[in-house]
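J.: curious how this folds, go ahead:
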Amino acid sequence: MANRKRNIQMKFYVTEEEKRLIDEKMAQFPTRRYGAYLRKMAIDGYIIQLDTADIKRMNAALSAIGRNINQIAKRVNAGGGAYKADMREIQERLDEIWQLQRRILSSGR
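T.: Numbers count the residues shown, from 1 in each chain. Next up is the predicted model:
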């Protein structure tokens, strides 16, 4: 092994699903050798890491609006009326969601 250009062996394990995914991606390239493909991906490939904090905040706001709407619907169905304060809070939360959505969409450019 001392005469080899690449004399360090690396091993790792994958699941059947991971192997299938690697095979699918590898089929898109001209090489049929795992070593060449995996070496190229490990050196030149890249990982996309998304910051989903804004999306999580938007989901939390949507969930809060859903709870508010359910509470208002229960009150209305029980013969009570919808209150202006409830409607105002829903509108404020909707405005917050729209702002978050605009920020998410503008940062993706």
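J.: can you pull the poorly scored residue ranges out of this protein?
T.: The model of the chain has pLDDT under 70 over residues 1-2, 47, 81-82, 108-109.
J.: which parts of it belong to which domain?
T.: The chain is divided into the following domains under automatic domain parsing: 8-48, 53-107.
J.: could these be laid out in TSV, adding mean neighbour count?
T.: Using the backbone N, CA and C atoms, a C-beta is placed for each residue, glycine as well. Formatted as TSV, the domains of the chain follow (neighbours: other C-beta atoms under 10 Å):
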stretch	mean neighbour count
domain 8-48	10
domain 53-107	13
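J.: in this protein, which spans are helices?
T.: If DSSP state H is used as the criterion, the helices of the chain fall at 16-26, 34-44, 53-77, 84-107.
J.: could those go into JSON lines alongside distance to residue 9?
T.: Shown next, in JSON lines, are these (distance: least, C-beta to C-beta, whole Å):
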{"stretch": "helix 16-26", "distance to residue 9": "18"}
{"stretch": "helix 34-44", "distance to residue 9": "10"}
{"stretch": "helix 53-77", "distance to residue 9": "40"}
{"stretch": "helix 84-107", "distance to residue 9": "42"}
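J.: ok, residue 85 - contacts?
T.: By C-beta atoms under 8 Å, 6 or more residues apart in numbering, the contact list for residue 85 is empty.
J.: distance of it from residue 15?
T.: Computed as C-beta to C-beta, to the nearest Å, the residue 85 to residue 15 distance reads 52 Å.
J.: repeat for residue 39
T.: 21 Å.
J.: same question for residue 44.
T.: In this view, residue 44 and residue 15 are 24 Å apart by C-beta to C-beta.
J.: now residue 97
T.: Residue 97 is 38 Å from residue 15, by C-beta to C-beta.
J.: over to residue 107?
T.: Here residue 107 is placed at a distance of 34 Å from residue 15 (C-beta to C-beta).
J.: could you do residue 29 as well?
T.: Computed as C-beta to C-beta, the residue 29 to residue 15 distance reads 22 Å.
J.: next: residue 49.
T.: Residue 49 sits 22 Å away from residue 15 when distances are taken as C-beta to C-beta.
J.: again, but for residue 104
T.: Distance from residue 104 to residue 15, counting by C-beta to C-beta: 32 Å.
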